[in-house]
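Enquirer: the sequence isn't on hand, but the structure is:
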Ligand code: FES
Ligand code: FES
C-alpha cells in the first residue's frame, strides 16, 4: 500500500525570510562576530563598524562643541571692530569712500560689489581689466595704499578710505610712468588684455625691491599671466624700468 502521507504537503521547507532592516541585521552579525572573538571577553576594545561610527560621531560632536564654544566666547577686539565696520543689514547698501587716482569718491553700493566692478562699472575706469574674475590671471591688479591687490577678489567695502591707483592714474599728464614707457620700448604686449595688470604689478614689484634679476622678476610677477606669452619682453621691460626708477 502506498503511504500517501509522504505526499501530504508539509510546512514550506524554504527558510523564512529575514525581515530586519539591513542596518539592524549588519549590527546583529557584527555583535555575533564580536562575541566569537576570543579577545572580546578579555575586555579588549571592540572595533566594530558601529563602535567606530559612534567614536567618529562623538569626536565630531566634541569638535563642533569646541568650535561653537570658541565662537560664543568674546571675540578678539580687532575682529569685533572689523565685523562692526562691515556690518550692513541684509539687502542694504553701504557708502564707501575711495580715493581713486587722487580723486575722492563716495559710492553707495551693495557690500558684495567687488573693487573691480566698482572701478569699471561705477567709476568708468575700464583700464583695469576683468580676465578670470576669480583671482587667477592678475589682469585686474591695482594698487591699494601702495600694495598690489587683485581687485576681483577684493570687496569695495573692505577698502573703505583706501587710496587706489589704477593704470589711468600712473601718467602725469602727457608724461608716461617709466614702466609704461618701458613696456612700449620693449614691445611687451600683444593683445594687451593683461597689460594694465602687468604694468600695475610691475610698478609694485620694482617698489618692493623685487626686480633685481630676471629670475626675481619672473618669480614676483608670476601672479600675472599673459595668454599671448609675451613674458620675455615683459621681463625685459620691468628690468629696464627698474633701472630707470632707481636712478
Ligand atoms: S580678473 Fe582678477 S585675477 Fe583674473
Ligand atoms: S598681451 Fe595678450 S594676454 Fe598678455
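Expert: That came through fine. Quick caveat, the model's predicted, so the values are computed rather than measured. Ligands and ions are numbered 1, 2, ... in the order given.

Enquirer: how many other residues sit next to the spatially closest residue to residue 178 that is not a sequence neighbour?
Expert: Spatially, and ignoring its direct neighbours in sequence, residue 178 is nearest to residue 244 (4.2 Å; CB to CB, 6 or more residues apart in numbering). Where C-beta positions appear, they are placed from N, C-alpha and C, glycine not excepted. For residue 244, the count of nearby residues is 14 (other CB atoms under 10 Å).

Enquirer: could I get the full set of helices for this structure?
Expert: Along the chain, the segments classed as helices by DSSP state H run 22-36, 49-72, 77-86, 115-117, 178-185, 195-208, 214-220, 231-246.

Enquirer: lowest-confidence stretch among the ones you listed?
Expert: Here the lowest mean pLDDT among the helices of the chain goes to helix 49-72, at a mean of 44.

Enquirer: within range of ligand 1, give me the residues from the protein.
Expert: When proximity is defined by CB under 6 Å from any ligand atom, the chain lies next to ligand 1 at 130-133, 135-140, 150, 152.

Enquirer: picking that back up, from residue 185, how far off is the residue nearest to residue 178?
Expert: According to CB to CB, to the nearest Å, residue 244 stands 10 Å off from residue 185.

Enquirer: next one: residue 101
Expert: From residue 101 to residue 185 the distance is 24 Å (CB to CB).

Enquirer: between the two, who's got more neighbours?
Expert: A direct count of neighbours by other CB under 10 Å for residue 101 and residue 185 places residue 101 higher, at 18 against 14.

Enquirer: mind listing what the closest residue to the more buried one other than its chain neighbours touches?
Expert: In this structure, residue 101 finds its nearest non-sequential neighbour in residue 169, 3.0 Å apart by CB to CB, 6+ apart. Residues in contact with residue 169, defined by CB atoms under 8 Å, 6 or more residues apart in numbering, are 100-102.

Enquirer: now swap in residue 164 and tell me
Expert: With CB under 8 Å, 6+ apart, residue 164 has these contacts: 98-101, 115, 119, 142-144.

Enquirer: how about it: what's its closest non-neighbour residue?
Expert: Distance criterion CB to CB, 6+ apart; nearest residue to residue 164, sequence neighbours excluded, is residue 100 at 4.6 Å.
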